[in-house]
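Enquirer: Dropping a prediction and its sequence here:
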Amino acid sequence: MTGMVALYIFMLAAFTGYEVIARVPVILHTPLMSGSNFVHGIVLVGAMVALGSAHTPLEKVIGSLGVLLAAGNAVGGYVVTERMLEMFKSSGQGAQRRAPGQDARAGSAARDGDERQRGAKQGTH
Amino acid sequence: MPGWMSAGLAIQASYFVTAVLFITGLKRMSSPVTARSGILWAGAGMAVATLITFLYPGMSNYEWMLPAMLIGGILAWWSGKRVAMTNMPQMIALYNGMGGGAAAAIAAVELYRGETSGYVTGSLAVLGGIIGAVSFSGSLIAFGKLQGLINRSLRFAGQQILNLLVLAAALVLGAMVAAHFNASPAAVTGFFVLALVLGVTMTLPIGGADMPVVISLYNALTGLAVGLEGFVLDNAAMIIAGTVVGSAGTLLTQLMARAMNRSLGNVLFSGFGDTGGEATGTVTGSLKPIEAADAGVMMAFASKVIVVPGYGMAVAQAQHKIWELVQLLIDRGVTVRFAIHPVAGRMPGHMNVLLAEAGVPYDLIADLDEINAEFDTADVALIIGANDVVNPVARTDKSSPIYGMPILNADKAKNVIVIKRGKGAGFSGIENALFYLDNTRMLYGDAQKAGAELIAAVKAVG
C-alpha cells in the first residue's frame, strides 16, 4: 500500500481505538487492559513472516525467538483475559441483566440459591 | 501465477476479517454485559490471522517456526491457567513484555538483513524496535517488582539525565542504521542493547504502587511497536490491531492514572510509589476495639451496610467468607453494597476481578463516584483490609502526602467497623484518622477469621 494510504489507516485506527473504549467503566479496566494485551499478540503474524523469510542462522534464531515470544503473548493474553471475564456475572444471570450500579435488591431471593451454588462450585478449584 | 495471487487475496481478506473481529471484540469488552463474548470475538480473529499466515507466499523455516510456536504457546497456556487472580497484574505485564520483545525481534531480523526498502521503512523499523525493546525489558522489571523478585527501587542522583543520555545514544545509533541501510551488524546490536538497557533503567526507580500505570503504558507502547512493524512488513492486520491497542492503551493509561490521582509524568519521573511520605502528623482520639459478636449484631439489625474491601482482604483470601456474610445479611433484608476504590486492588478494576472470583455479582459492586453519596444513609461501613483509601485526611489535611486523592467517604456512615490485623499504618505509612473517630470500632484479627466470626454472630441472631 502507498505511504499516504498507510497514514490514513494509522489515523483512523488510532481514533477507533480511542472511541471504542472511551466510556469503559472502572470495573473493566483490568480485563480490558488484558484484552488489548491479547490483541497486540497479532505480532505473532509478523514474527512468522519475519522468520519465514529469514536466511542466515542469526536471523533464524532471532526470528524463532520472536515467534516464541509472540505466541506467548497471544496465548497467555487470551487465557488470562478469558479467565477474568468468565467470572463477570450479574445477579440476573441471563434472565434479566442490569447495568452495574443499579439497585440489586429486587429479585435477590431468586438469585441467592444459584449464586451460592456457584460459590460452592468455584471454591473447589 | 494464479495460485500465488489467490493466496494473496485470501490473506488480505482474512486480515480484513481479523481487523473487524478485533475491533468488535474490544468494543464488547468495554461493557460488563457483553465483555465475556468480547474475548471470544477477538480470539476468533487471532485464529483466522494465524492460520492464514501459513499460506504466505515464500514462507519457509517451518522446522524453526512450529517448535517456537508450540513452546511459547504451551508455556503461556500453562502459566495463564495456573496464575492466581491476585497475581494477574504481573502476569499481564509478562505477556505484554513478550509481545514487545517479538516486535523488537521483527525489527532485528529486518535490520540485520538490511534489505528493507528505503529510509522511511528503515526509520519505522528502528522506531518500532526501540519501543518494543523498552517495553520488553521494562515489563520484565515490572513483573519482577510485583512478583517480589526485585524489592528495591534503585534511585540515584542524575538518574533522569542518564536515561536521557541512553535514549539519545540509542536514537543516534538507530538513525545511523536507518540512514545507510546496510549498517554493520555491530551497530544494530548496539542499538538493541541500548534500548533494552533503557527499559531497565526507566522502570527500576518506579515504586510498586505505580506499577499498574506503567504496565498499562507498556501495553500501549507494545501496541504502537506492533503497528510500526506492521508498516515495515506491509501487514494491514498488524497496523490496525497495533494502532488500535496503542491508542486504546494510551487512553486506558490516562484513565488509570487519573483514578489513582497520579499524573503520568509524576509516575515516570518522580518516585513516590512504594515509600510515600513519612508518617506525618498525630491524630487525636483513641482506637476503640469491638468484639465480633457485637459487630455481627450491629450489622444484622442495620438496614444498609456498605462493604469496603482493600487489598488486605485479598491477601488474606477472605473474599469468599465476606461474600458468605453478605449473603446472610441480604437474606435478613439488609441492603448491602460493595464500594470499590480504584486502587483497592493492585490496579483499577483488579478488586472487581477478585470479588467476581468469589461469586459476587457485579451489580452489587459500586465504584467511588456512585457510592460516595450513599455513605450518609448507611448504618454500617465495614472496612476490610483497606486503609489509605478511606483516610479522611486526604480531604482535610493539606500537608498529608495523600491530600487530594479521591477517597471513599466511609467516615460519613453512622457506624464504621474496621477489620484489621494490627495497629500499623497503611501502605503509605500515614496514620488513618478514620480509625480514631468516635463512631469507629476496630475488629482486630485476620480478615478470614474475623469473617468467620461475623458469620457465626449473624447466624446466632437467628
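Expert: Sure, I can see it. Residues are numbered from 1 along each chain as shown, chains lettered A, B, ... in the order given.
Enquirer: Now do the strands in the stretch 101-250 of chain B.
Expert: Read by DSSP state E, counting those that start in this stretch, the stretch 101-250 of chain B holds no strands at all.
Enquirer: Find the closest residue to chain A in it.
Expert: Using C-beta to the nearest C-beta, the closest approach of the stretch 101-250 of chain B to chain A is made by B:Ala105 at 2.9 Å. From N, CA and C alone the C-beta is placed, and that goes for glycine too.
Enquirer: how about the helix or strand of chain B with the lowest mean pLDDT: buried residues?
Expert: Lowest on mean pLDDT, DSSP states H and E among the helices and strands of chain B sits helix B:264-269, with a mean of 76. Under the neighbour-count criterion of 16 or more other C-beta atoms under 10 Å in any protein chain shown, helix B:264-269 has B:Leu264, B:Val267, B:Leu268 buried.
Enquirer: repeat for stretch B:197-207
Expert: B:Val197, B:Leu198, B:Gly199, B:Thr201, B:Met202, B:Thr203, B:Leu204, B:Pro205, B:Ile206, B:Gly207.
Enquirer: tell me the mean pLDDT for it?
Expert: Mean pLDDT, stretch B:197-207: 89.
Enquirer: what's it in contact with?
Expert: Residues outside stretch B:197-207 that contact it (C-beta atoms under 8 Å, 6 or more residues apart in numbering or on different chains) are B:130, B:133-142, B:145, B:150, B:153-155, B:159, B:162-163, B:166-167, B:170, B:214, B:267-268, B:271-275.
Enquirer: Geometric centre of chain A: which residue is closest?
Expert: A:Gly35 (1.8 Å; C-alpha atoms, centre = their mean).
Enquirer: Quick check: that one is in a helix.
Expert: Yes: the assignment for A:Gly35 is a helix, going by DSSP: H, G, I helix; E, B strand; the rest coil.
Enquirer: Assess the claim that it and B:Ile23 are in contact.
Expert: No: taking C-beta atoms under 8 Å as the definition, A:Gly35 is not a contact partner of B:Ile23, at 12.0 Å.
Enquirer: Now narrow the contacts of stretch B:197-207 to whatever sits close to chain A.
Expert: Checking those against chain A by C-beta under 8 Å from any C-beta of the partner chain, the ones in range are B:Phe136.
Enquirer: Now do the same contact list for the residue nearest to the centre of chain A.
Expert: Counting by C-beta under 8 Å, 6+ apart, A:Gly35 has contacts A:Gly77, A:Thr81, A:Leu85, B:Gly25, B:Leu26, B:Met29, B:Gly38, B:Ile39, B:Ala42.
Enquirer: Compute the distance from the centre of the least confident helix or strand of chain B to the centre of its chain.
Expert: Relative to its parent chain, helix B:264-269 has a centroid offset of 16 Å by C-alpha atoms, centre = their mean, to the nearest Å.
Enquirer: what packs against it?
Expert: Here helix B:264-269 touches helix B:211-233, helix B:236-259, going by 3 or more C-beta pairs under 8 Å, 6 or more residues apart in numbering or on different chains; DSSP states H and E.
Enquirer: How about B:Asp446: what's its closest non-neighbour residue?
Expert: B:Ala316 (5.7 Å; C-beta to C-beta, 6 or more residues apart in numbering or on different chains).
Enquirer: That neighbour and chain A, how far apart?
Expert: 16 Å (C-beta to the nearest C-beta, to the nearest Å).
Enquirer: before we move on, back to that, quick check, nearest of the buried residues of helix B:264-269 to B:Ala344?
Expert: B:Ala344 lies nearest to B:Val267 out of these, by C-beta to C-beta, at 18.7 Å.
Enquirer: does that closest one really touch B:Pro212, like I thought?
Expert: No: if you go by C-beta under 8 Å, B:Val267 and B:Pro212 don't touch, sitting 9.6 Å apart.
Enquirer: which parts of stretch A:20-35 are buried?
Expert: So for stretch A:20-35, counting by 16+ other C-beta under 10 Å, buried means A:20-21, A:24-35.
Enquirer: cool, stretch B:80-95 as well?
Expert: B:80, B:83, B:85-95.
Enquirer: How about stretch B:403-416?
Expert: Neighbour-count burial for stretch B:403-416 flags B:Met405, B:Pro406, B:Ile407, B:Leu408, B:Asn409, B:Ala410, B:Asp411, B:Lys412, B:Ala413, B:Asn415, B:Val416 (criterion: 16+ other C-beta under 10 Å).
Enquirer: do stretch B:140-153 as well
Expert: Within stretch B:140-153, the residues scored as buried using 16+ other C-beta under 10 Å are B:Leu140, B:Ile141, B:Ala142, B:Phe143, B:Gly144, B:Lys145, B:Leu146, B:Ile150, B:Ser153.
Enquirer: Please apply the same query to stretch B:436-444.
Expert: Across stretch B:436-444, burial judged by 16+ other C-beta under 10 Å covers B:Leu437, B:Thr440, B:Arg441, B:Met442, B:Leu443.
Enquirer: just these now: which is nearest B:Lys288?
Expert: Out of the buried residues of stretch B:436-444, the member with the shortest distance to B:Lys288 (by C-beta to C-beta) is B:Arg441, at 5.5 Å.
Enquirer: From the contact counts, what lies against the one helix or strand that closest one maps to?
Expert: Assigned by DSSP states H and E, B:Arg441 belongs to strand B:440-444. Contacts defined by 3+ C-beta pairs under 8 Å, 6+ apart place strand B:440-444 against helix B:292-300, strand B:415-420.
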